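K.L.:
Fold the following and give me the result.
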Amino acid sequence: MPKDHWEGFEKENLFHAILSDEILSEMSAKDGLRLNAKQLRRIIEIVKPEFIEGLFERRPCVRALKYKGWCRSEKELACECDDFFRIGEIYQSVDFNGGTYSITENNRLIGAGYFERVD
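P.N.:
Here you go, the predicted structure:
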């Protein structure tokens, strides 16, 4: 079973979870409130500033990652929307910030959602 991307990045995982939480979705539907990441970050800075320290900082993180491409739903086939990455190939990260990896082979940033951890 593959590991998740959040090991060692628990604060970033919590931030994403709060942002995508059903409570916020319900508030948005009822009150028309739409909270984005920048607004959430500002709220947390006021309420719990120590939580923000180091949040989404790029940190060394070497992991084997299998490129799965991108698709909008489980039923949709993944597409190769990139000239470098190939579906099913394994790449190695250099660092991670809780959202994007730097990949050794081409030294560029790419979202964690394109990969499955295999290490």
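K.L.:
my read is residue 11 is in a strand, agree?
P.N.:
No - secondary structure assignment (DSSP: H, G, I helix; E, B strand; the rest coil) places residue 11 in helix, not in a strand.
K.L.:
thinking it is in contact with residue 59, fair?
P.N.:
No - the pair formed by residue 11 and residue 59 falls short of the contact definition of CB atoms under 8 Å, at 11.4 Å. The way it works is simple: take the backbone N, C-alpha and C, and place the C-beta from them, glycine included.
K.L.:
more crowded one of these two?
P.N.:
Neighbours were tallied for residue 11 and for residue 59 using other CB atoms under 10 Å; the higher tally belongs to residue 11 (17 against 12).
K.L.:
List the contacts of the closest residue to that one other than its chain neighbours.
P.N.:
If the residues on either side of it in the chain are set aside, residue 11 comes closest to residue 55, at 5.6 Å by CB to CB, 6 or more residues apart in numbering. Going by CB atoms under 8 Å, 6 or more residues apart in numbering, residue 55 touches 11, 12, 15, 41, 98.
K.L.:
give me the element residue 55 is part of.
P.N.:
Using DSSP states H and E, no element contains residue 55; it sits outside every helix and strand.
K.L.:
Which phi and psi values does the most centrally placed residue in the chain adopt?
P.N.:
Nearest to the centroid of the C-alpha atoms of the chain, with distances taken as CA atoms, centre = their mean, sits residue 99, at 3.1 Å. For residue 99, the backbone dihedrals are phi -140, psi -40 (criterion: degrees, to the nearest 10).
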